[in-house]
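**Q** 3D, please:
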Amino acid sequence: EVQLEESGGGSVQAGGSLRLSCSHTGYTTSLNCVAWFRRVPGKERERVARIYTAGGNTVDIDSVKGRFAISQDHAKTRVYLQMNDLKSDDTGLYYCAAGGWFAGCSDYWGRGTQVTVSS
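**A** As a prediction, this is how the structure comes out:
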């Protein structure tokens, strides 16, 4: 069974930084991708970034490119989302998800961690 657990959310002032961490356990042959999604007020859930466990990653939201970066540890059991120069529009619930790269990386989900950015 694949399990995902997020940590690292919190409250920060605009311009500040946070690093989210996603610990993932379990394995299936179809799992080759871990992603961060977010749900911000007034918007549908959107994928922020994803990483291919064998290497390679993308940042999928134009407004966070250059500010957010996704990475994984050497053991490939933890995926990070480094968020810099945070803005109030980044406030929301951030989820870690995993699955197949070409299937949207969203078969398994964590419970989410709240990020609140005050201006």
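
**Q** drop to CA atoms for contacts and neighbour counts, all remaining ones
**A** Will do.

**Q** Can you tell me how far Glu5 is from Tyr95?
**A** 9 Å (Cα to Cα, to the nearest Å).

**Q** what are the pairing partners of the helix or strand of the chain with the lowest mean pLDDT, and which direction each?
**A** In the chain, the helix or strand scored least confidently by mean pLDDT, DSSP states H and E is strand 57-59, which has a mean of 92. According to DSSP bridges, the neighbouring strands of strand 57-59, each with its direction, are strand 46-52 (antiparallel).

**Q** Go through the strand it pairs with and flag the buried ones.
**A** Buried residues in strand 46-52, counting neighbours by 16 or more other Cα atoms under 10 Å, are found at 47-52.

**Q** Which of the helices or strands spans the residue positioned nearest the centre of the chain?
**A** Closest to where the C-alpha atoms of the chain average out (Cα atoms, centre = their mean) is Trp36, at 2.2 Å. Assigning secondary structure by DSSP states H and E places Trp36 in strand 33-39.
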